[in-house]
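1. I would like to see how this sequence folds:
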Amino acid sequence: MKFAADHPYANPEAAMRKLLEYANAYEPPYDSRIYIEKINAPFLFEAKGSPAEYKAGLDLAIERGYLEMHESGTYVKFTEKGAALFA
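-> The predicted model follows:
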């Protein structure tokens with residue numbers, strides 16, 4: 001018997017793709033900065049992802065070179081490699 005449904009973002013690859021979708025949909029107002037709340041709020045509240053899934057997806061996107069996070073942690077930017085995904 002199965003009591004819990006599978007989480008769609010339990011796989012970090014799926015979480016990363018969803019976060020990149022949200023980042024791409026956001027129109028940055030200044031210097032290509034994608035403020036972190038513009039991707040974490042939709043992921044957590046619209047997509048119903050968990051904080052652990054969010055962190056795993058974001059870490060994977062940074063590790064693969066699609067996003068770079070500012071040292072303050074307040075925003076991310078697409079790298080050339082990340083921008084090429086949506087070109």
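2. center of this protein - which residue?
-> Leu19 (2.5 Å; Cα atoms, centre = their mean).
3. so how far is Met69 from it?
-> Computed as Cβ to Cβ, to the nearest Å, the Leu19 to Met69 distance reads 12 Å. Glycine gets a C-beta too; all of them are placed from N, C-alpha and C.
4. report the set of residues contacting both of these two.
-> Leu58 (Cβ atoms under 8 Å, 6 or more residues apart in numbering).
5. picking up where we left off before, the residue nearest to the centre of the chain against Leu58, yeah?
-> Yes: if you go by Cβ atoms under 8 Å, Leu19 and Leu58 touch, sitting 6.0 Å apart.
6. need the residues touching each of those two.
-> Going by Cβ under 8 Å, 6+ apart, residues that sit against Leu19 and also against Leu58 are Ile39.
7. and Ile39, what does it touch?
-> Neighbours of Ile39 in contact, by Cβ under 8 Å, 6+ apart: Leu19, Tyr22, Ala23, Tyr26, Leu58, Val76.
8. now the residue nearest to the centre of the chain: which helix or strand?
-> For Leu19, the host element (DSSP states H and E) is helix 12-25.
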